[in-house]
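**Student:** build the 3D model from these lines:
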Amino acid sequence: MIAQNNEFIKEAAGTVYQLTQEERIRMECEAREDFYRTQRGIQDMLDESAAKLEAMTAEKKHGHLKGNPWSLRTKT
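**Tutor:** Numbering: from 1, shown residues only. All right, here's what the predicted structure looks like:
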């Protein structure tokens, strides 16, 4: 009986270990997905800011800022 209980305990311990490992892997996958999602969001914000800056730089370079009293170009 003790030997039989010992086998059940070993099997139960093995099952618990396997489930724990699967849970750990699942959590790591979720963390990785969250990291990539966050990185994509940050990259999107950087791309948007870069595009706005580029547009503003082009407008300033060509003197096309609407209502800009400091523009050196005269309106024709």
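
**Student:** give me the low-pLDDT residue ranges for this structure?
**Tutor:** By pLDDT under 70, the low-scoring segments of the chain are 1-4, 64-76.

**Student:** tell me which element Glu54 falls in.
**Tutor:** Assigned by DSSP states H and E, Glu54 falls within helix 2-62.

**Student:** any idea how far Gln21 is from Arg32?
**Tutor:** Using CB to CB, to the nearest Å, Arg32 is found at 16 Å from Gln21. All C-beta atoms are positioned from the backbone trio N, CA, C, and that covers glycine.

**Student:** er, Ala58 actually
**Tutor:** Distance, Ala58 to Gln21, by CB to CB: 55 Å.

**Student:** ok, now Ala12?
**Tutor:** 15 Å.

**Student:** ok, now Arg40?
**Tutor:** For Arg40, the distance to Gln21 equals 29 Å [CB to CB].

**Student:** likewise Leu53?
**Tutor:** From Leu53 to Gln21 the distance is 48 Å (CB to CB).

**Student:** how about Ala50?
**Tutor:** Taken as CB to CB, the span from Ala50 to Gln21 is 43 Å.

**Student:** over to Cys29?
**Tutor:** Distance of Cys29 to Gln21, given as CB to CB: 13 Å.

**Student:** Gly63 now?
**Tutor:** Gly63 sits 65 Å away from Gln21, going by CB to CB.

**Student:** settle it for me: which of the two has more neighbours?
**Tutor:** Gly63 (13 against 10; other CB atoms under 10 Å).
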